[in-house]
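Novice: model the structure of this input:
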Amino acid sequence: MLLEASNKLGDECAFNISQWRDFKRKDTVAPLARARINAAHSYVLREERREAEERARRERQELGIDVSTRVDDAVFKGRIRVDKMELNDFPAMELDGRCATDANREALLEAFFKDHEKYIRDAGVLGEIQASDRYVGVEGAVRDEMDMEEDVRRLYDNGVCNLLKWLVASAEVKANVHDVAKGFLDSDAEEARDPTTSSAPRYL
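Specialist: Residues are numbered from 1 along each chain as shown. The predicted model follows:
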């Protein structure tokens, strides 16, 4: 069965796991083989994301923090954005590929959380996604990131582009920032001001 599935994939030019996401005829692959390939693809996606997050963390540590650090870098801290994840990658990673559809190949998670039914019209499929263990955590992360993106945009609109500008920003400007982003900005601003909190260079 797996050999037959492998031959079918080869005929369709899907030669490795990384190409499985874009393979348009998954329904022609035997269920057992499809489930095993989905599971392998889920593992690959999770590992790629973990490695990307680790690289981003190291890069941020190497750069350090000073008062010239941009507010978007302070807020997002080089994280791999959940809200910018492709919608189909969520079921691929968390549901072994179930509920992924060709129609949503270009959609992002942030768009999905703004309008669930636009992207998942089948109530049963939507219910399966929302019932998954990871859904609540991912939904919270996406909504936090959407709020933080809005905060960063407002700060730039008010001329607050880096930590130095944040330190001297008015109370009114700071009051319009959500608590999550404000916490990151305050923490990094304090670290930038106090050289004893980190060994990285500081300029103030």
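Novice: quick check on residue 66: phi, psi?
Specialist: For residue 66, the backbone dihedrals (degrees, to the nearest 10) come out as phi -140, psi 180.
Novice: which residues touch the closest residue to residue 143 other than its chain neighbours?
Specialist: Setting aside the residues directly before and after it, residue 143 is nearest to residue 113 in space (CB to CB, 6 or more residues apart in numbering), at 6.6 Å. Backbone N, C-alpha and C define where each C-beta goes, glycine included. Applying CB atoms under 8 Å, 6 or more residues apart in numbering to residue 113 gives the contacts 83, 139, 142, 143, 146.
Novice: domain ranges for the protein?
Specialist: Listed domain ranges for the chain are 1-63, 64-197 (source: automatic domain parsing).
Novice: pick out the shakiest of those, pLDDT-wise.
Specialist: Per-stretch mean pLDDT for the domains of the chain is lowest at domain 1-63 (a mean of 67).
Novice: re the thing from before, now, of the contacts of residue 113, which are buried?
Specialist: For these, a neighbour count by 16 or more other CB atoms under 10 Å gives the buried set as 83, 142, 146.
Novice: mind listing what residue 152 touches?
Specialist: Here residue 152 is in contact with 71, 72, 75, 76, 181 (criterion: CB under 8 Å, 6+ apart).
Novice: do that again at 10 Å, thanks
Specialist: 70, 71, 72, 73, 74, 75, 76, 160, 161, 177, 181, 185 (CB atoms under 10 Å, 6 or more residues apart in numbering).
Novice: which strand or helix spans it?
Specialist: In this structure, residue 152 sits in helix 135-157 according to DSSP states H and E.
Novice: what helix or strand is the spatially most central residue of the chain located in?
Specialist: By CA atoms, centre = their mean, the chain has its centre lying nearest to residue 82, at 1.7 Å. Using DSSP H and E, residue 82 is not contained in any helix or strand.
Novice: which residue comes closest to it once chain neighbours are left out?
Specialist: Closest to residue 82 by CB to CB, 6+ apart is residue 141, at 4.4 Å.
Novice: residues near residue 34, how many?
Specialist: 18 (other CB atoms under 10 Å).
Novice: quick one: buried residues of the helix or strand hosting it?
Specialist: Element membership for residue 34, per DSSP H and E: helix 31-63. For helix 31-63, a neighbour-count test (16+ other CB under 10 Å) marks 33, 34, 36, 37, 38, 41, 42, 44, 45, 60 as buried.
Novice: which secondary structure elements does that helix sit against?
Specialist: The contact analysis (3 or more CB pairs under 10 Å, 6 or more residues apart in numbering; DSSP states H and E) places helix 31-63 against helix 2-11, helix 71-76, helix 89-94.
Novice: sorry, back to before: can you lay out the contacts of residue 152 as JSON lines showing neighbour count and distance to residue 171?
Specialist: As requested, those are exported to JSON lines (neighbours: other CB atoms under 10 Å; distance: CB to CB, whole Å):
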{"residue": "70", "neighbour count": "15", "distance to residue 171": "22"}
{"residue": "71", "neighbour count": "24", "distance to residue 171": "17"}
{"residue": "72", "neighbour count": "18", "distance to residue 171": "22"}
{"residue": "73", "neighbour count": "17", "distance to residue 171": "23"}
{"residue": "74", "neighbour count": "22", "distance to residue 171": "19"}
{"residue": "75", "neighbour count": "24", "distance to residue 171": "19"}
{"residue": "76", "neighbour count": "19", "distance to residue 171": "24"}
{"residue": "160", "neighbour count": "23", "distance to residue 171": "13"}
{"residue": "161", "neighbour count": "15", "distance to residue 171": "19"}
{"residue": "177", "neighbour count": "25", "distance to residue 171": "11"}
{"residue": "181", "neighbour count": "24", "distance to residue 171": "16"}
{"residue": "185", "neighbour count": "24", "distance to residue 171": "14"}
